[in-house]
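Visitor: Please find the sequence and the predicted model below.
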Amino acid sequence: MSKNKFDFDLIVIGSGAGGSAAATIAAREGKRVAIVEADTFGGTSPNWGDVPIKSLLHAAHLFDEARHGSRFGLRTNTIGYNYPTLRAWKDLAVKRTGAGGNRKYYENEGVTTIHGSAHFLSPHEISVNRRNYSAASFLVASGSSPIIPAVQGLEDSDYDTPRTILEAIKPPKSLYIVGGGTTAVELAQLMATFGTKVYIAEIASRLLPGYDSEAGELLEKLLADQGVTTITQTRTLAVEKENIAHRVTYSRGGSEHSLRVDAVLIAAGSTPNVDIGLENAGVAYTAAGIEVNDFLQTTVKHIYAAGDVLGRHSYTHTALLESRIAASNLLSKNKLTPDYTATPKVVFTYPSIASVGLSEDDCLRRDLNIKKAFAPLGIIARSNTSDYRDGFVKIITDKKGVVIGATVMAPGAGELIHELTLAVKYEITAAELAATPHAFLTWSEAIRVAAAKLA
Amino acid sequence: MSLAIDVVKRSGKRPTESFDLDKLLRSVLAACLSVRTPEGEANDTARKVTGAVVIWLDTKPAVTSHDIRRITSTHLSRFHPEAAYFYQHHKHII
């Protein structure tokens, strides 16, 4: 890879999960590496994505549990919160990860850091802040940006994105969320817990359309208990400023409705950041992402791509996997391919929702002959001691009984899913799962019960 | 009017040229007039298109002439598809 006619051996565009691992690995291998970041070093996940949202959700869950503790004999009449302190907690959590604003970290690793927007001028050259840098190889990990839907009046209406709403001085009194995916439901629950009247407008027929239907339907019911109104099959038509509030017009069931809210949050997903002069480098791409082969190599052999810019998944753990594989393929002749078959995904609401492998809808689309079993949490002993019953474990197997997919909705589902992730990855059967001891009074007993139904 | 943006020419020639907004305006105007667009409409279209290109250039201190041609055609095709076709292919049409 080393060619001294270039300024660097490798330039990584983007310092998020897709770029960071590769930059560090290549630098540790003695390569001359530069990393370019247009925004805050560390990227979305630690600065204004996963880490801040989850740290606030943790505090919100504690608050909610404490408020409802009277049934256990706890006196909780005077419990309250201080939002500036909650924000300070969120900032502390971001700082402690070490990944947010971590420019110094790269410099200590021997990686040259460049702050600014990168733009390809030719296949081996980029421009950043009117300075040109050349490299033998590139890794494009420029991430993604929020999708802003074409809604009349939205641009002039001072709307929020998941990033800006976390910086609010206090939760709005009422909030209209466009989108019903992972970030939307997490922020809906967060705001509802702190007293905001939340409306979620989702264009699909249920929340979390990427998950098994049981999860979205149960979550809608649980959010309703917290005062969240879910309006599915809804298209937002217009947003208009009304003094300090907003008038939102939406279409549902063929008729138009409108409501007045304090804030509008756009959480309708994200789109890959491909406007970096890829044409000048000859890299093929579409609006859906950069095209790569099995080795994450673009149509130009010395340019690789990883993370959200591929438009495949938007999970930090997937981006990290791709970054490590891209680094390995850049440094070694033995090319690796990322394996996505057992990639878990988690929604950090309470209860949390996690899934791995194929959903029932995926199986239907592929016309697979499957068996499925469902174990509601209410039949597990732990539901009695925790006085909590909302959730389930659903396991899908092929006709031979091999686990090919699973969804867990339970407290700590993000932890529980990894047993099923292992099962999907290593083709373990439901009978083998059911025969494995599961400790009494743990939520994971629900996995054994569901697996036993398929054994 | 020149903006503080370097433009790398098609040949890759260095040093680069500064971005010339008037030159772009003239080229879009010429494309519109070439397809018999009334002068007022052509002027209006050229201003809208160059305005959109300037917004795109806001975060890009250095681009290639190919970038400018590509972004200009994208915006021009929204306002005037016929002129956009001419703008994209005029070298071949002549």
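Guide: Nice, I can see it.
Visitor: Contacts only, for the nearest residue to A:Lys425 once chain neighbours are set aside.
Guide: Nearest non-adjacent residue to A:Lys425, counting by C-beta to C-beta, 6 or more residues apart in numbering or on different chains: A:Ala342, 3.7 Å away. All C-beta spots, glycine's among them, are computed from the backbone N, C-alpha and C. Contacts for A:Ala342 (C-beta atoms under 8 Å, 6 or more residues apart in numbering or on different chains) come out as A:Val356, A:Gly357, A:Thr421, A:Leu422, A:Val424, A:Lys425.
Visitor: Those in strands, which ones?
Guide: Secondary structure assignment by DSSP state E places A:Val356, A:Gly357 of the contacts of A:Ala342 in strands.
Visitor: So which of the contacts of A:Ala342 wins on neighbours?
Guide: Ranked by neighbour count (other C-beta atoms under 10 Å in any protein chain shown), these have A:Val356 at the top, with 26 neighbours.
Visitor: For that one, name its beta-bridge partners.
Guide: Counting by DSSP bridges, A:Val356 forms beta bridges with A:Ala406.
Visitor: Report pLDDT for the residue in the stretch 301-450 of chain A that chain B sits nearest to.
Guide: Closest to chain B within the stretch 301-450 of chain A is A:Ile303: 16.4 Å, counting by C-beta to the nearest C-beta. Looking at A:Ile303, its pLDDT is 98.
Visitor: Is it in contact with A:Val140, as I believe?
Guide: Yes: using C-beta atoms under 8 Å, A:Ile303 is in contact with A:Val140, at 6.5 Å.
Visitor: between those two, what contacts are shared?
Guide: Joint contacts of A:Ile303 and A:Val140 (C-beta under 8 Å, 6+ apart) are A:Val283.
Visitor: Quick check: closest non-adjacent residue to A:Lys54.
Guide: Nearest non-adjacent residue to A:Lys54 (C-beta to C-beta, 6+ apart): A:Phe348, at 5.2 Å.
Visitor: just to revisit the earlier point, quick check: the farthest pair among the contacts of A:Ala342?
Guide: A:Gly357 and A:Leu422 (11.2 Å; C-beta to C-beta).
Visitor: and chain B, which residues reach chain A?
Guide: Where chain B comes near chain A, counting by C-beta under 8 Å from any C-beta of the partner chain, the residues are B:4, B:6, B:8, B:12, B:59-64, B:66-67, B:70.
Visitor: can you rerun that using 6 Å?
Guide: For chain B, the residues in contact with chain A (C-beta under 6 Å from any C-beta of the partner chain) are B:Val8, B:Thr59, B:Lys60, B:Pro61, B:Ala62, B:Thr64.
Visitor: what's the average pLDDT for stretch A:396-412?
Guide: Stretch A:396-412 comes out at a mean pLDDT of 96.
Visitor: sorry, that was for stretch A:142-150
Guide: Mean per-residue pLDDT for stretch A:142-150: 94.
Visitor: Tell me which residues of that stretch come out buried.
Guide: Going by neighbour count (16 or more other C-beta atoms under 10 Å in any protein chain shown), the buried part of stretch A:142-150 is A:Ser142, A:Gly143, A:Ser144, A:Ser145, A:Pro146.
Visitor: which element follows the lengthiest strand in chain B toward the C-terminus?
Guide: As assigned by DSSP E, the longest strand anywhere in chain B is strand B:2-8. Later in the chain than strand B:2-8, the nearest helix or strand by DSSP states H and E is strand B:17-20.
Visitor: starting at the chain centroid, how far to that next one?
Guide: 12 Å (C-alpha atoms, centre = their mean, to the nearest Å).
Visitor: any idea of the mean pLDDT in that strand?
Guide: 85.
Visitor: Compute the distance from the centre of stretch A:414-432 to the centre of its chain.
Guide: 21 Å.
Visitor: which residues are in contact with that stretch?
Guide: Applying C-beta atoms under 6 Å, 6 or more residues apart in numbering or on different chains, the contact partners of stretch A:414-432 are A:342, A:344, A:346, A:352, A:354, A:356-357, A:397, A:401-403, A:406, A:408, A:433, A:444, A:447, A:451, A:454-455.
Visitor: For the chain, give me the ranges with low pLDDT.
Guide: All of this is about chain A. A:1-4, A:100-101 (pLDDT under 70).
Visitor: my question was about chain B
Guide: For chain B (pLDDT under 70), the answer is B:1-3, B:11-15, B:91-94.
Visitor: Just want the angle from the longest helix along it to strand B:2-8.
Guide: For chain B, the helix with the greatest residue count under DSSP state H is helix B:39-57. For helix B:39-57 against strand B:2-8, the angle by axes from the mean of the first three to the mean of the last three C-alpha atoms, to 10 degrees is 70 degrees.
Visitor: quick revisit: check which helix or strand the residue nearest to A:Lys425 maps to.
Guide: Applying DSSP H and E, one finds A:Ala342 in no helix or strand.
Visitor: How about the contacts made by residue 53?
Guide: Since no chain was named, I'll use chain A. Contacts of A:Ile53 (C-beta under 6 Å, 6+ apart): A:Glu186.
Visitor: let's do chain B instead
Guide: So B:Val53 contacts B:Ile71, B:Thr72 (C-beta under 6 Å, 6+ apart).
Visitor: Quick check: it vs chain A, distance?
Guide: Using C-beta to the nearest C-beta, to the nearest Å, B:Val53 is found at 13 Å from chain A.
Visitor: Go through the residues of chain B and report the one nearest to chain A.
Guide: For chain B, C-beta to the nearest C-beta, closest residue to chain A: B:Ala62, 3.5 Å.
Visitor: Run through the bridge partners of that residue.
Guide: B:Asp6.
Visitor: correct me, but it touches B:Asp6?
Guide: Yes: in this structure, B:Ala62 is within contact of B:Asp6 by C-beta atoms under 6 Å, at 4.2 Å.
Visitor: of the two, who's got more company?
Guide: B:Ala62 (23 against 20).
Visitor: how near is that one to B:Arg10?
Guide: According to C-beta to C-beta, to the nearest Å, B:Ala62 stands 15 Å off from B:Arg10.
Visitor: Tell me which of A:Ile303 and A:Val140 has more neighbours.
Guide: A:Val140 (33 against 24).
Visitor: Can you dump the C-alpha atoms of stretch A:387-396 in CSV for me?
Guide: What follows is stretch A:387-396, C-alpha atoms only, in CSV (Å, rounded to 0.1, in the frame of the first residue of the first chain):
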residue,chain,number,x,y,z
ASP,A,387,-44.4,-7.3,38.8
TYR,A,388,-43.9,-6.8,35.1
ARG,A,389,-45.6,-8.7,32.3
ASP,A,390,-45.4,-6.7,29.0
GLY,A,391,-43.2,-8.5,26.6
PHE,A,392,-42.4,-11.8,24.8
VAL,A,393,-39.9,-14.0,23.2
LYS,A,394,-40.5,-15.1,19.6
ILE,A,395,-38.3,-17.7,17.9
ILE,A,396,-38.4,-18.7,14.3
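Visitor: For the closest residue to chain B within chain A, which phi and psi angles does the backbone take?
Guide: Chain A approaches chain B most closely through A:Ser127 (3.5 Å), counting by C-beta to the nearest C-beta. Phi and psi for A:Ser127, reported as degrees, to the nearest 10, are phi -120, psi 130.
Visitor: list the contacts for it?
Guide: A:His119, A:Leu121, B:Ala62.
Visitor: any idea how far the nearest residue in space to it that is not next to it in sequence is from A:Asn132?
Guide: In space, and not counting its chain neighbours, A:Ser127 is closest to B:Ala62: 3.5 Å by C-beta to C-beta, 6+ apart. Applying C-beta to C-beta, the value for B:Ala62 to A:Asn132 is 7 Å.
Visitor: Setting aside sequence neighbours, what's the nearest residue to A:Thr193?
Guide: That would be A:Ala60: by C-beta to C-beta, 6+ apart, it lies 4.1 Å from A:Thr193.
Visitor: And chain A, what are its domain boundaries?
Guide: A:8-43+A:100-144+A:271-331, A:51-90, A:162-268, A:345-454 (automatic domain parsing).
Visitor: Now do the buried residues in the second one.
Guide: Okay, so that is domain A:51-90. So for domain A:51-90, counting by 16+ other C-beta under 10 Å, buried means A:51-57, A:59-61, A:63-64, A:86-87, A:89-90.
Visitor: Many thanks, I have nothing further to ask.
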